[in-house]
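S.K.: Just the structure for this:
(chains A, B, C and D)
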Protein chains: 2
Amino acid sequence: MKPAHEVFFEYLKDNGLNMTPQRLVILQSFLDMEGHFTSDQLYRKVKKHDPAIGQATIYRTLKLLLDSGIADCFDIGDGVSLFENSYGQDHHDHLICVRCRKKIEIVDEAIEKRQEQIAEEKGFNITNHRLLLYGICPDCQAKAEKEEDE
Amino acid sequence: MKPAHEVFFEYLKDNGLNMTPQRLVILQSFLDMEGHFTSDQLYRKVKKHDPAIGQATIYRTLKLLLDSGIADCFDIGDGVSLFENSYGQDHHDHLICVRCRKKIEIVDEAIEKRQEQIAEEKGFNITNHRLLLYGICPDCQAKAEKEEDE
DNA sequence: TTAATTGCAAATCGTTTGCTGAAAG
DNA sequence: CTTTCAGCAAACGATTTGCAATTAA
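M.R.: Model prediction:
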């Protein structure tokens, strides 16, 4: 499989867009990020390499990354978009702790299959989906019990 | 099962909150709404009964409705919260058309069960969940085909 | 040369909050 | 009386946009 940056380069070329130093720095920082992150977290990482880059450029470039297919974006209801590097990754869903906001990725073939069936029954042509399971993680359950003792 | 408005009244009493004419109008309008709606849509309905009520009161009362358990809220990634009357309703998930934004409710026992299993495996204590299936609805598929012919 | 791109600041938009007067219990 | 509430306008915070200057091709 061709590397992620190449996919992005080709995307730019195919759409008559230019490669710029800013886009390169953002792309590299993006690929270096781990797990889920906000636009602002990426912005802070980018600033370390080039402090002159502005927030707007981050937002604009994130849109290109999404469009080129190497990034993915979702919203867990906190009013912020979460991004991740999705290139070459299996689709996954998320378990989210409502207390500490920890996120755990899950992959489940059975659910994926069933979703497709449902969509088909309704005549929908599914493009993507999002499954969010909210709950209390083991750590926070332990903490909650401790607090009750006090 | 006791009626929704009674649940709300008791919720207020149990929490030392007052019943007010505004809250009553908002409650009634809320119960009259169909399907999913935004805070603003509820606001417009409320205004017909009492034009003096402000947006802030709608937001504050919606929070009480959520808290009392008769309302539910979710976010499909449009930057607006969607509310619905959830009292006495089965949990359901949503198929969302990415073209016309139509929303179809789905209920699927198999997926619900599987989710619980996954959560248990990870030691999570699930409080709620959200499944969003994005795709193109039959109507929009037909429209898209027509457009291609042109 | 010329269309694309940047950074900045101002604009958006949904939602929240501080404040002051009014009303509920 | 003593909270709780309401309405208003201002504040907020994430994201977008207009603009004038700069740069890639």
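S.K.: which parts of stretch A:123-131 are buried?
M.R.: Using 16 or more other CB atoms under 10 Å in any protein chain shown as the test for burial, stretch A:123-131 gives A:124, A:126, A:129, A:130, A:131. Backbone N, C-alpha and C define where each C-beta goes, glycine included.
S.K.: residues contacting the first one?
M.R.: To tie it back to what came earlier, the one meant is residue A:124. Residues in contact with residue A:124 (CB atoms under 8 Å, 6 or more residues apart in numbering or on different chains) are B:95, B:97, B:104, B:133, B:135, B:136, B:137, B:138.
S.K.: Bridge partners for the closest residue to it other than its chain neighbours, pull those for me.
M.R.: Distances taken as CB to CB, 6 or more residues apart in numbering or on different chains put residue B:135 closest to residue A:124, at 4.2 Å, once the chain neighbours are dropped. Beta bridges link residue B:135 to residue A:126, residue B:97, judged by DSSP bridges.
S.K.: Settle this for me: residue A:102 is touching residue A:96, isn't it.
M.R.: Yes: using CB atoms under 8 Å, residue A:102 is in contact with residue A:96, at 7.4 Å.
S.K.: ok, the two, which is more surrounded?
M.R.: Between residue A:102 and residue A:96, counted using other CB atoms under 10 Å in any protein chain shown, the more crowded position is residue A:96 (22 against 14).
S.K.: Mean confidence (pLDDT) on stretch A:48-66, please.
M.R.: Throughout stretch A:48-66, pLDDT has a mean value of 98.
S.K.: ok, now stretch A:100-119?
M.R.: 90.
S.K.: Indicate whether it makes contact with chain B.
M.R.: Yes: interface with chain B: stretch A:100-119 contributes A:104, A:106, A:108, A:110, A:111, A:114, A:115, A:118, A:119 (CB under 8 Å from any CB of the partner chain).
S.K.: So for that stretch, first residue to last residue, what's the gap.
M.R.: 33 Å (CA to CA, to the nearest Å).
S.K.: And the helices in chain A, which stretches?
M.R.: In chain A, the helices defined using DSSP state H lie at A:4-14, A:21-32, A:39-49, A:55-68, A:109-121, A:138-149.
S.K.: Mean neighbour count and distance to residue B:147 added to the ones you listed, as a markdown table?
M.R.: Listed next are the helices of chain A as a markdown table, based on neighbours: other CB atoms under 10 Å in any protein chain shown; distance: least, CB to CB, whole Å:
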| stretch | mean neighbour count | distance to residue B:147 |
| --- | --- | --- |
| helix A:4-14 | 15 | 23 |
| helix A:21-32 | 18 | 33 |
| helix A:39-49 | 16 | 33 |
| helix A:55-68 | 17 | 21 |
| helix A:109-121 | 15 | 22 |
| helix A:138-149 | 11 | 50 |
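S.K.: Let me have these in JSON lines, extended by distance to residue B:88.
M.R.: Formatted as JSON lines, those follow (distance: least, CB to CB, whole Å):
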{"stretch": "helix A:4-14", "distance to residue B:88": "49"}
{"stretch": "helix A:21-32", "distance to residue B:88": "46"}
{"stretch": "helix A:39-49", "distance to residue B:88": "40"}
{"stretch": "helix A:55-68", "distance to residue B:88": "39"}
{"stretch": "helix A:109-121", "distance to residue B:88": "23"}
{"stretch": "helix A:138-149", "distance to residue B:88": "29"}
